[in-house]
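Participant: okay, here's the prediction I keep looking at, along with the sequence it came from:
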Number of protein chains: 2
Amino acid sequence: MGWAGRELRSTIGRSGKLVLSIQNIERDDPGDDEIIVRVEATPINPSDIGLLLGPADVSDIAVSGSAAEPELTFKVPEARLAGVKVRLGQSLAVGNEGAGTVVAAGRNATALIGKRVGMFGGAMYADYRRIRAEDVIPLPEGASAADGASMFINPLTALGFVETARSEGHKAIVHTPAASNLGQILQRICVVDGIPLVNIVRSEQQAALLHGIGATYVLNSKDDDFNNRLTDAIAETDATIAFDAIGGGSLGSDILQAMERAAVQKMPAFDRYGSTVFKQLYVYGGLDNAPTMLNRATFGYAWSVSAWLVFHYLRKIDAATLARLRQRVLDELTTTFASHYTRTIGLAEVLQPEMVRAFERKATGEKFLIDPSRG
Amino acid sequence: MGWAGRELRSTIGRSGKLVLSIQNIERDDPGDDEIIVRVEATPINPSDIGLLLGPADVSDIAVSGSAAEPELTFKVPEARLAGVKVRLGQSLAVGNEGAGTVVAAGRNATALIGKRVGMFGGAMYADYRRIRAEDVIPLPEGASAADGASMFINPLTALGFVETARSEGHKAIVHTPAASNLGQILQRICVVDGIPLVNIVRSEQQAALLHGIGATYVLNSKDDDFNNRLTDAIAETDATIAFDAIGGGSLGSDILQAMERAAVQKMPAFDRYGSTVFKQLYVYGGLDNAPTMLNRATFGYAWSVSAWLVFHYLRKIDAATLARLRQRVLDELTTTFASHYTRTIGLAEVLQPEMVRAFERKATGEKFLIDPSRG
């Protein structure tokens, strides 16, 4: 019979314009090992916004299309086109993760029919998703679709940070921006696991939020004595690894400098190459697209600045580790790994210009959830 | 009886001035496992200049002291003092490596008397060096002190690059600035070992020099089409690791970008996180003290920028690897690992203002050797 429904698409044309559209498509019936899931909740993550809006300029949005198949058109600044050359002309489905109810299943997956599942794998901004049964996880009894919508990226990223820190021999972690949904999850994991976490935020409100969930170290980067307080917190905790989603500017460099200062304070004699304490900064996002500035002279000769991407991380770990992490997410789905949404919208609402501007701001603490059943 | 002789010292006083001086000191007789070496050749490496001049301003030099014990005084700009706080007030001996003749030995090292040796361990800018016998290597028959003066830092650095590249799974190497003494050694190793090396230089003269010792890929960063040619060379060689002694500015970032472009060209489909090809940039020097600028958006999410320091590297490798590397340096001392000096000076000449300015420029290809017997 097929499953008719809407799907959101993002396309950058050869002309250099980005078009967001909602198309009516029909999905084939599931194969033997596949299921059809009616999408009931799918978050707008920073990782989705990158694909959704790419390098488009959101200050100038043209509305077109029909009520049934609406379209938004954005200009892409010339200078940014080179970076997305490979996607030109491709109509891309969006939405890394989501949750919903299984409405049909192939012969090997019938046990899933009627179950509510969390899923991962792209193209979730749609009424229906055809997906391999092995790519979904049935939610615990009583969990809502909203509870399961974000059970992959943020939870596995936060757990990935902790696993990475442990496997690379670090005792404590620095994180920024720390008041994000991800930051809150990370803080809750660190409380449970007893790992000192130095949180860097940009407001007192964010600091209060983190203290409310058990944070010991919360520093406001806008404070005058921020660098000294950061050095003190690092000296106390021996944090030698940091995860930074801001990326641009010199905050990452300042963190490495504070780590080096804390290490040098404990050195008995001068060494012009600085301490031998190895300092690792992982950049896992680009909230600030400006170049990363490294003031190397301030942090010696034992450091590394690297990209950290959950998708690469998940490919790197073994099956047993992945299974352990996934089980922990399920076990603590509505406690440690709870996500909070500031707004739930329908699929068509994603194509309202003011909505695009709102989620494109990527304000810390704000998080949008799409529920296609709302229209 | 003791061994009387001169020693060069660098001191940054609490007042913030850096003083270079030559002092007459007397060394104790060697202990049972020690020897006294008369220093006959010791190079001025970039790693020595860091300790020698630290953050001093060489544009304004005051001359004082006596003919027997001369002194140069430099101002250290206020802003740079914080970075050297730990060495304030310490009189530091200078000179990482050198070669000379063994003139006295403790009871367990008498076999070394009269031998010419290469040595490593600091304080070589002196007439005599007291040193543990295990820290010297007898030179091959017929090798001069100049041949053995630089047998540690540059050779072990270049070999360390190749070992690091191999052990981390890279097939080809990018190096800049490639026409240095170190760069020439690296090129010769790569010719012998069959490793593709992409050399980045800043002049046609430097390019010719490298072609003369067998280089296949030499790119001039001043050429208009440099970035495209770099991408092509990387695409051809599959170079995914780079060693950069410049450090400041965006050249390192440009190298990562070229690596990413070469990788993306080979990708079948768009991925907004870029290629999964892991790209490693090692910063092993700071010829340009400006901040390192990373234009992350141009090179995806599989990269690392790290410090590489030969001293840390040598501490990390096992004894068998170190022995193998040292033996190779001895075996190929006057071929693969030959150093060329543009100027040989006496110890007292180091304290001539125009000389300080000349070696502080760290011009690629220029290299100074100190021979204390010249005065």
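Facilitator: Looks like it came in fine.

Participant: from here on, just use CA atoms for contacts and neighbour counts.
Facilitator: OK.

Participant: quickly check: stretch A:4-13 near chain B or not.
Facilitator: No. Stretch A:4-13 does not reach chain B (CA under 8 Å from any CA of the partner chain); its nearest approach is 12.0 Å.

Participant: any residues touching stretch A:20-28, and which ones?
Facilitator: With contacts defined as CA atoms under 8 Å, 6 or more residues apart in numbering or on different chains, stretch A:20-28 is touched by A:1-11, A:52, A:69-73, A:128, A:130, A:348, A:351.

Participant: and stretch A:254-271, by the same measure?
Facilitator: Contacts of stretch A:254-271 (CA under 8 Å, 6+ apart): A:227-228, A:230-232, A:234-235, A:239-240, A:242, A:274-275, A:277, A:279-281, A:298-300, A:303, B:86-87.

Participant: and that stretch, which residues are buried?
Facilitator: Residues of stretch A:254-271 classed as buried: A:254-264, A:270 (neighbour count, 16 or more other CA atoms under 10 Å in any protein chain shown).

Participant: now swap in stretch A:204-211 and tell me
Facilitator: A:206-207, A:210.

Participant: just give me how far that stretch sits from the chain centre.
Facilitator: 20 Å (CA atoms, centre = their mean, to the nearest Å).

Participant: dump it to PDB, restricted to CA.
Facilitator: C-alpha atoms of stretch A:204-211 as PDB (Å, rounded to 0.1, in the frame of the first residue of the first chain):
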ATOM      1  CA  GLU A 204      24.600  33.900  36.300                       C
ATOM      2  CA  GLN A 205      21.200  32.400  35.300                       C
ATOM      3  CA  GLN A 206      23.100  29.500  33.600                       C
ATOM      4  CA  ALA A 207      25.400  29.200  36.600                       C
ATOM      5  CA  ALA A 208      22.300  28.800  38.900                       C
ATOM      6  CA  LEU A 209      20.800  26.200  36.600                       C
ATOM      7  CA  LEU A 210      24.000  24.100  36.800                       C
ATOM      8  CA  HIS A 211      24.300  24.500  40.600                       C
END
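
Participant: which outside residues touch it?
Facilitator: Contacts of stretch A:204-211 (CA under 8 Å, 6+ apart): A:178-179, A:184, A:187, A:201, A:218-220.

Participant: hmm, back to that, format the buried residues of stretch A:254-271 as TSV; extra columns: distance to A:Ser150 and secondary structure.
Facilitator: Output for those, formatted as TSV (distance: CA to CA, whole Å; DSSP: H, G, I helix; E, B strand; the rest coil):
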residue	distance to A:Ser150	secondary structure
A:Asp254	31	helix
A:Ile255	29	helix
A:Leu256	31	helix
A:Gln257	34	helix
A:Ala258	33	helix
A:Met259	33	helix
A:Glu260	36	helix
A:Arg261	38	helix
A:Ala262	37	helix
A:Ala263	38	helix
A:Val264	41	helix
A:Phe270	49	coil
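
Participant: would you map out the domains in chain A?
Facilitator: A:3-151+A:341-374, A:153-314 (automatic domain parsing).

Participant: which of those comes out lowest on mean pLDDT?
Facilitator: Note on the domains of chain A: lowest mean pLDDT is at domain A:3-151+A:341-374, with a mean of 92.

Participant: show the buried residues in the contacts of stretch A:20-28.
Facilitator: The neighbour count (16+ other CA under 10 Å) marks A:3, A:5-11, A:52, A:70-73, A:128, A:130, A:348, A:351 as buried among these.

Participant: so which of those belong to helices?
Facilitator: A:Leu52 (DSSP state H).

Participant: helices along the stretch 201-350 of chain A, start to end?
Facilitator: Secondary structure of the stretch 201-350 of chain A (DSSP state H, counting those that start in this stretch): helices located at A:204-212, A:226-237, A:251-265, A:310-316, A:319-331.

Participant: now distance to B:Ala109 too, for these, in a markdown table please.
Facilitator: Below are the helices of the stretch 201-350 of chain A laid out as a markdown table (distance: least, CA to CA, whole Å):
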| stretch | distance to B:Ala109 |
| --- | --- |
| helix A:204-212 | 64 |
| helix A:226-237 | 45 |
| helix A:251-265 | 37 |
| helix A:310-316 | 52 |
| helix A:319-331 | 55 |
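
Participant: could you point out which of these sits nearest A:Val136?
Facilitator: helix A:319-331 (11.1 Å; CA to CA).

Participant: verify the stated contact: A:Gly375 with A:Val350.
Facilitator: No. At 10.3 Å, A:Gly375 and A:Val350 do not qualify as touching, with contact defined as CA atoms under 8 Å.

Participant: so between those two, which is more surrounded?
Facilitator: A:Val350 (21 against 11; other CA atoms under 10 Å in any protein chain shown).

Participant: now that one: closest residue in space that isn't a chain neighbour?
Facilitator: Distances taken as CA to CA, 6 or more residues apart in numbering or on different chains place A:Val356 nearest to A:Val350, at 6.5 Å, with adjacent residues excluded.

Participant: looking at this, the one you found is in a strand?
Facilitator: No. Counting by DSSP: H, G, I helix; E, B strand; the rest coil, A:Val356 is not found in a strand; it is helix.

Participant: need the residues of chain A near chain B, please.
Facilitator: Close to chain B, as judged by CA under 8 Å from any CA, chain A has residues A:50-51, A:83-84, A:86-87, A:269-272, A:276, A:289-298, A:301-309, A:312.

Participant: among these, name the buried ones.
Facilitator: Members of the residues of chain A next to chain B classed as buried by 16+ other CA under 10 Å are A:50-51, A:83-84, A:86-87, A:270, A:272, A:276, A:290-298, A:301-309.

Participant: from the buried residues of stretch A:254-271, which single one is nearest chain B?
Facilitator: Among the buried residues of stretch A:254-271, A:Phe270 lies closest to chain B (CA to the nearest CA), at 5.1 Å.

Participant: host element of A:Leu156?
Facilitator: A:Leu156 is part of helix A:153-167 when elements are defined by DSSP states H and E.

Participant: what's next to that helix, contact-wise?
Facilitator: A:97, A:171-173, A:181-183, A:185-186, A:189-190, A:241, A:243, A:310, A:313, A:325-326, A:329, A:337.

Participant: just those: which are in strands?
Facilitator: The strands, defined by DSSP state E, take in A:97, A:173, A:241, A:243 from the contacts of helix A:153-167.

Participant: so the last one is in contact with A:Tyr282, correct?
Facilitator: Think A:Phe243. Yes. When contacts are counted by CA under 8 Å, A:Phe243 is listed as touching A:Tyr282 (4.8 Å).

Participant: centre of the chain versus stretch A:134-146, how much separation?
Facilitator: 19 Å.

Participant: got the buried residues for that stretch?
Facilitator: For stretch A:134-146, by 16+ other CA under 10 Å, it's A:136-140, A:144-146.

Participant: find the nearest non-adjacent residue to A:Ala338, please.
Facilitator: In space, A:Ala338 is closest to A:Asp147, 6.8 Å off (CA to CA, 6+ apart).

Participant: and A:Ile49, what does it touch?
Facilitator: A:Ile49 sits in contact with A:Glu360, where contact means CA under 8 Å, 6+ apart.

Participant: same question for A:Gly122.
Facilitator: A:93-97.

Participant: just the buried ones from those?
Facilitator: By 16+ other CA under 10 Å, those give A:93-97 as buried.

Participant: what about the strands in the stretch 51-200 of chain A?
Facilitator: Here the stretch 51-200 of chain A has its strands, by DSSP state E, counting those that start in this stretch, at A:57-65, A:70-75, A:91-93, A:97-105, A:116-120, A:128-132, A:136-138, A:173-176, A:197-201.

Participant: nearest to B:Ser250, of those strands?
Facilitator: Using CA to CA, the strands of the stretch 51-200 of chain A put strand A:173-176 closest to B:Ser250, at 24.7 Å.

Participant: what packs against that closest one?
Facilitator: For strand A:173-176, the packing partners by 3 or more CA pairs under 8 Å, 6 or more residues apart in numbering or on different chains; DSSP states H and E come out as strand A:197-201, strand A:241-244.

Participant: of the ones you listed, which approaches B:Val37 most closely?
Facilitator: strand A:241-244 (44.1 Å).

Participant: residues in contact with the closest one?
Facilitator: With CA under 8 Å, 6+ apart as the criterion, strand A:241-244 contacts A:161, A:165, A:170, A:172-177, A:252, A:255, A:279-285.
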